Structure formats: C-alpha cells, structure tokens
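>>> One predicted model, sequence on top.
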Amino acid sequence: MAAEPRSLTGKVIAITGGARGIGKATAAALVRRGARVAIGDLDRELAEQTAAELGDDTLALELDVTRRDSFEGFLDQVEERLGSLDVLINNAGIMPLGRFWEEDDLTAQRMVDINVHGVLFGMKLAIPRMQRRGSGHIVNIASAAGKGGFPGGATYCGTKHFVVGVSEAVRAELRDTEIDLSVVMPVVVNTELGSGLVETRGIKKIEPEDVAEAIVGALERPRFDVWVPRESGAINKVMQLLPRAGREGVARLLKADRVLAGADPAARASYEERASHSEPALESEDAGEPAKTASK
C-alpha cells in the first residue's frame with residue numbers, strides 16, 4: 001500500500017533562479033499547493049514581478065549563487081521572514097554553447113561558478129540548518145546531460161555530471177538522517193535556456209510545468225532519481241547496457257548528438273547575451289573594478 005503523499009502546505013521552500021523558466025513554474029506549482037515560497041534571482045526586478053504574479057506572499061530576494069555570503073544572506077532572510085527552511089531547490093544554471101576548444105575561459109568559469117559552486121554553496125549552507133531542525137529536502141536540478149556527453153556543450157555537460165555525482169555522494173552521507181535529496185534530470189525544456197535546440201527523434205521538448213510537477217512529486221513522495229519525462233530514465237538504463245560504440249550509434253540515429261551542436265545561433269542570441277553577463281563578480285573583475293556584492 002503506497003504511503004500518503006507528504007503535504008506541502010505551509011512548507012518553507014527556497015528556489016534559486018526562480019524568476020523565470022523552470023524556477024518560476026516550480027514556484028507557481030508550490031504556491032498552488034499552499035507552500036510558502038521564496039525565489040532568489042540575480043535579476044531582483046524580475047524576481048519581484050514574478051513574486052507579484054504568484055501572490056500568496058511569495059518572497060522575492062536578490063541572490064548571486066556564486067557568492068557564499070549572498071547565498072547565506074538569502075537563506076537568512078528566508079528563515080527570518082517565512083520560517084525555518086524545509087526545502088531548497090538549487091535551480092540556477094546557465095548553458096552557453098559552442099565547440100569546446102573555441103570556448104573562452106571566462107565562459108567556462110561562469111558555468112562552473114554558477115552550475116557547480118552555486119549548488120555546493122546551497123547544500124553546504126542548507127544542510128546544517130536542516131540538521132538542527134531534524135528534517136529537510138534538497139532538490140538539485142541537473143539535466144539528462146548529466147548522464148551523457150553531448151557535443152556542443154562539453155563544459156555544461158561536465159557541470160551537470162558534477163551535480164549528479166555530488167548529489168549521489170551527499171545522499172549517502174545523509175542516509176542516517178531525516179534529510180532527503182533528489183536530483184532532477186530533464187531533457188530539453190522549452191525555456192529561454194533551451195531556445196534553438198534540435199529535438200531528438202525519440203524525445204520531444206518538454207514544458208517547464210512538466211519539470212515543476214516532477215519536482216512537486218519528488219517532494220510529496222521522496223525519491224532520488226527524477227527523470228523528466230519518466231521514459232527518458234528507462235531509455236538511459238537501456239543505453240547503459242550497450243557498449244560505447246552502440247550507445248554512440250543510437251545517439252546519432254536519434255539525433256541526440258545534434259541537440260546542442262546543431263543549435264540555431266540566431267534563436268539563441270538573446271539567451272547567450274544574457275548568460276554572458278550572469279555573474280557580476282566576474283564582470284567587475286574583468287573590468288578591473290571591485291566585485292559587485294548582492295544585497296542581503
């Protein structure tokens with residue numbers, strides 16, 4: 001007999017990168033279920049617009065996930081204004097694309113700082129808070145790219161492999177606690193980040209609301225591996241049974257090797273420009289100015 005789903009009513013849930021895309025859709029789904037939601041985003045103005053749209057006292061805060069002090073201040077404000085943290089959803093991430101050897105070092109550093117260190121800071125700061133109260137749940141947004149290498153996005157794939165690997169290790173460290181950990185692995189999502197990407201022959205683009213519902217499902221009935229859609233997890237299991245040459249052949253047959261490498265530059269121009277300015281500390285250092293500090 002299946003256990004009753006956990007109620008999310010009144011739960012305090014913080015979402016990084018919550019002003020748009022998957023983060024916004026997840027915040028909306030959680031608000032509908034009665035959760036008390038805080039969204040953190042580098043774009044404070046957009047975060048406030050999103051919070052106003054969602055209503056129900058959704059909290060909008062400025063957050064630079066690449067700065068530990070900004071992340072700590074974000075969580076401090078969440079707990080001061082909403083109550084003890086129940087759930088942290090590490091959603092913030094960027095995906096600039098291009099051939100690996102043509103990628104400039106600053107672009108690679110941005111991806112590592114946001115996609116990797118942003119998740120590390122979040123977990124390191126949230127887990128002690130959850131340990132003190134005896135419960136909690138961390139959700140790390142990875143990608144199907146965290147289970148395979150896709151040409152055209154080598155560094156991005158590397159960062160998402162890291163998220164999967166560190167999540168597996170931390171989950172094992174938390175085994176004897178009441179803190180749950182989930183890692184979410186969506187295929188291409190119809191957001192600005194996924195603009196201009198080629199669809200595979202096997203799995204079509206999904207909507208951010210699909211990912212949001214999968215996240216809600218993992219909070220209500222905790223599980224570690226969260227594939228979106230679910231069938232992509234089954235496909236991955238079958239692929240792992242094949243030798244490398246077989247996996248690569250199937251990937252070419254399904255056009256999976258073209259998903260990132262064949263992206264339309266014109267369709268991605270707006271996103272790539274925004275992603276290139278997604279870390280104020282690097283922007284300031286590159287300009288020879290003091291690094292910008294996100295307000296607390």
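All right, it came through fine. Numbers count the residues shown, from 1 in each chain.
>>> if I look at the spatially most central residue of the chain, how far off is Ala142?
Among the residues of the chain, the one closest to the centroid is Asn91, at 2.7 Å (Cα atoms, centre = their mean). Computed as Cβ to Cβ, to the nearest Å, the Asn91 to Ala142 distance reads 11 Å. C-beta: built from backbone N, CA, C; applies to glycine.
>>> do Ala212 as well
Ala212 sits 16 Å away from Ala142, going by Cβ to Cβ.
>>> of the two, who's got more company?
For Ala212 versus Ala142, neighbours defined as other Cβ atoms under 10 Å are more numerous around Ala142 (25 against 22).
>>> Pull the contacting residues for the more buried one.
Under the criterion of Cβ atoms under 8 Å, 6 or more residues apart in numbering, the neighbours of Ala142 are Lys160, Val163, Val164, Ser167, Val183, Val184, Met185.
>>> hmm, try it at 6 Å
For Ala142, the contact set (Cβ atoms under 6 Å, 6 or more residues apart in numbering) comprises Lys160, Val163, Val164, Val183, Met185.
>>> From Glu53, how far off is it?
Ala142 sits 27 Å away from Glu53, going by Cβ to Cβ.
>>> Give the next helix or strand downstream of the top helix by length along the chain.
Determined from DSSP state H, the single longest helix within the chain is helix 154-173. Following helix 154-173 in sequence order, the next helix or strand is strand 179-186 (DSSP states H and E).
>>> follow-up on the earlier one: average pLDDT for the longest helix of the chain?
Helix 154-173 comes out with an average pLDDT of 98.
>>> contact partners of it?
Contacts of helix 154-173 (Cβ under 6 Å, 6+ apart): 95, 100, 108, 111, 115-116, 119, 140, 142-143, 145-146, 149-150, 181, 183, 224.
>>> quick one: buried residues of that helix?
154-164, 166-167, 170-171 (16 or more other Cβ atoms under 10 Å).
>>> hmm, back to that, and which of the contacts of Ala142 is nearest Gly196?
Set against Gly196, the nearest of the contacts of Ala142 by Cβ to Cβ is Lys160 (18.8 Å).
>>> Quick check: the gap between the closest one and Gly217.
21 Å.
>>> Over to Ile13?
Here Ile13 is placed at a distance of 14 Å from Gly217 (Cβ to Cβ).
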